[in-house]
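Peer 1: I'll drop the sequence and a predicted model, then ask my questions.
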Amino acid sequence: MGGRSNSIRIIGGEFRGRRLPFARLPGLRPTADRLRETLFNWLQGQVEGAVCLDLFAGSGALGLEALSRGADFVRLVDQSRTVVRQLQQNLSVLQAESRAEVVAGDALRLLGRDADRSFDLVFLDPPFARDWLESASGLLENNGWLKSHSWIYLEQDSHKDWPQTPPQWRLHREARAGQAACRLFQRDTMKN
């Protein structure tokens, strides 16, 4: 089972069924297939043509799935050089480098700056041991990273209470699978 334990499988779209390796690092845990399937069912019709931001990318499971399902562009952010190299290799294997960008750096520091572009869809799945969701959510909202009706996905340990999210974010759906819980929000700038 060694080979499969550090690989992800793309579930749908252009790269469906492809297995891609991810870096074996402490705390790096890809979003489970079941949750990914649920999320992308919720997002049906929203991914194709979207500009996506995968923060705390890790295995890249969410961002690469979005690319496979027709996203125009995905920016994957991770602070681990090992992770960044693996993500770049995976994009090369998929021949998708022209539709994606891998950024090496601290996601919260990046979000602390004014956005260089805004995104249709954002994935927030930090390491479960960290409490970064509330900070990341506030920075996304306050520094221009989101479009008026962006979708924002949050994932965390199912035993934790959910953090505060900006009042403009309307909860669309939520689910649990094993140790993980997730929520999908849609930004509504009419709600203030």
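Peer 2: Looks like it arrived, so ask away. Numbering: from 1, shown residues only.

Peer 1: residue ranges of the helices in this protein, please?
Peer 2: 2-5, 33-42, 61-68, 81-94, 107-111, 133-142 (DSSP state H).

Peer 1: Now do the last one, average pLDDT.
Peer 2: If I follow you right, that is helix 133-142. In this model, helix 133-142 has an average pLDDT of 96.

Peer 1: And the first one, by the same measure?
Peer 2: Per-residue pLDDT values over helix 2-5 give a mean of 47.

Peer 1: repeat for the fifth one
Peer 2: In this model, helix 107-111 carries a mean pLDDT of 95.

Peer 1: can I get the helices of the chain in TSV with mean neighbour count and distance to W169?
Peer 2: Where you see a C-beta, it was placed from the backbone N, CA and C, and this is true even at glycine. Formatted as TSV, the helices of the chain follow (neighbours: other CB atoms under 10 Å; distance: least, CB to CB, whole Å):
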stretch	mean neighbour count	distance to W169
helix 2-5	8	35
helix 33-42	17	15
helix 61-68	27	18
helix 81-94	18	27
helix 107-111	18	15
helix 133-142	19	7
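
Peer 1: so which of those gets nearest A50?
Peer 2: helix 61-68 (6.9 Å; CB to CB).

Peer 1: Can you check which strand is longest in this structure?
Peer 2: Determined from DSSP state E, the single longest strand within the chain is strand 146-157.

Peer 1: And that one, what's buried?
Peer 2: L146, K147, S150, W151, I152, Y153, L154, E155, Q156 (16 or more other CB atoms under 10 Å).

Peer 1: now do stretch 164-172
Peer 2: T165, P166, Q168, W169.

Peer 1: Among the residues you listed, pick out the one closest to N41, please.
Peer 2: Here the nearest of those to N41, counting by CB to CB, is W169; it sits at 20.2 Å.

Peer 1: so who does the closest one touch?
Peer 2: Listed by CB atoms under 8 Å, 6 or more residues apart in numbering, the contact set of W169 reads S137, E141, I152, F185, Q186, R187, D188.

Peer 1: Confidence-wise, which of these comes last?
Peer 2: Minimum pLDDT across the contacts of W169 falls on D188, with 88.

Peer 1: what's the spacing between that one and P166?
Peer 2: Distance, D188 to P166, by CB to CB, to the nearest Å: 10 Å.

Peer 1: What of D120?
Peer 2: From D120 to P166 the distance is 17 Å (CB to CB).

Peer 1: Also A129?
Peer 2: Separation of A129 from P166 (CB to CB): 24 Å.

Peer 1: same thing with A136?
Peer 2: Counting by CB to CB, the gap from A136 to P166 is 11 Å.

Peer 1: Over to M190?
Peer 2: Relative to P166, and taking CB to CB, M190 is found at 14 Å.

Peer 1: lowest-pLDDT helix or strand in this structure?
Peer 2: helix 2-5 (a mean of 47; mean pLDDT, DSSP states H and E).
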